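> Need coordinates for the following:
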Amino acid sequence: MDTDRQGQAPELRTSSKGEIHRQRILDSALSLFMRKGFHQTSMRDIAREAGVSLGNAYNHFAGKRDLILAAATLESGEQDDLIAALREATGPEAARPRFVDAFYRSVATRETAALTAEIMAESLRDPEIGTAFSRNRRRFTDALAKTLDLSEDGSADALLDLVEGRALRDVLEDSVMPGQDAPEDLHRMAARLWQAR
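As a prediction, this is how the structure comes out:
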């Protein structure tokens, strides 16, 4: 999940006061999940961080599980934005390095790595959460395959796994700076995968 402020999830454009509160609660929850973890964060913590009452938080979300499910919707929108940006490239060959850099930057932050781990753990415990994020992944790989002209042999999945795995490893090894493009060796590996399609 992309972050645009240190340790905070990106905000959606909203119009009504209720939508603004809902988004603030979701942003606060994701920020806390990144910093403290899913199980170490309470709804009271989320309400306090969002600057709303506990009752208001529960009016918008039945609990932390609903917040994680809402994060799936947010993730889907971010993926759509990334694919839309790729479609502006002049052909699949030009889009591939753009994708590798953009996806690497979106994943290669401590906050995103922490949130990814939390979501993966909850996805294993709760099949509905797992299904929501799996559906996002499938939509993303299908759109990526179409945009980059990849075959349906799993090349898009392999490309996502390659970039995401490397970005998360670089975060764990503390060898990436915020906003940094993908390393050259990752681009070479992606190009080899591309040529093998």
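> Need the nearest residue in space to Arg98, chain neighbours excluded.
Sequence neighbours aside, Ala89 is the residue nearest to Arg98 in space, at 5.4 Å (criterion: Cβ to Cβ, 6 or more residues apart in numbering). From N, CA and C alone the C-beta is placed, and that goes for glycine too.
> Now do that neighbour against Ala117, distance only.
Separation of Ala89 from Ala117 (Cβ to Cβ, to the nearest Å) stands at 31 Å.
> By mean pLDDT, point me to the weakest helix or strand of the chain.
Every helix and strand of the chain was ranked by mean pLDDT, DSSP states H and E. The lowest is helix 64-87, at a mean of 84.
> Just the residues contacting that one, thanks.
1-2, 9-10, 12, 25-26, 29-30, 33, 38, 41, 43, 46, 61, 95, 98-99, 102-103, 106, 115, 119, 122, 126, 128-129, 132-133, 135-136, 139-140, 143-144, 147-148 (Cβ atoms under 8 Å, 6 or more residues apart in numbering).
> Which elements pack onto the helix or strand that that helix is followed by?
Next in sequence after helix 64-87, counting helices and strands by DSSP states H and E, comes helix 92-107. Where contact means 3 or more Cβ pairs under 8 Å, 6 or more residues apart in numbering; DSSP states H and E, helix 92-107 is packed against helix 64-87, helix 110-125, helix 127-147, helix 155-172, helix 184-195.
> Can you flag the weakest of the ones you listed by average pLDDT?
When those are compared by mean pLDDT, helix 64-87 comes last with a mean of 84.
> Out of the helices and strands packed on helix 92-107, which is closest to Asn56?
Closest approach to Asn56 among those (Cβ to Cβ): helix 64-87, 13.8 Å.
> ok, of the contacts of helix 64-87, which come out buried?
Buried subset of the contacts of helix 64-87 (neighbour count, 16 or more other Cβ atoms under 10 Å): 1-2, 9-10, 25-26, 29-30, 33, 38, 41, 43, 46, 61, 95, 99, 102-103, 106, 115, 119, 122, 129, 132-133, 136, 140, 143-144, 147-148.
> And the residue nearest to Arg98, how close does it get to Leu148?
For Ala89, the distance to Leu148 - Cβ to Cβ - is 9 Å.
> what secondary structure does Thr41 sit in?
coil (DSSP: H, G, I helix; E, B strand; the rest coil).
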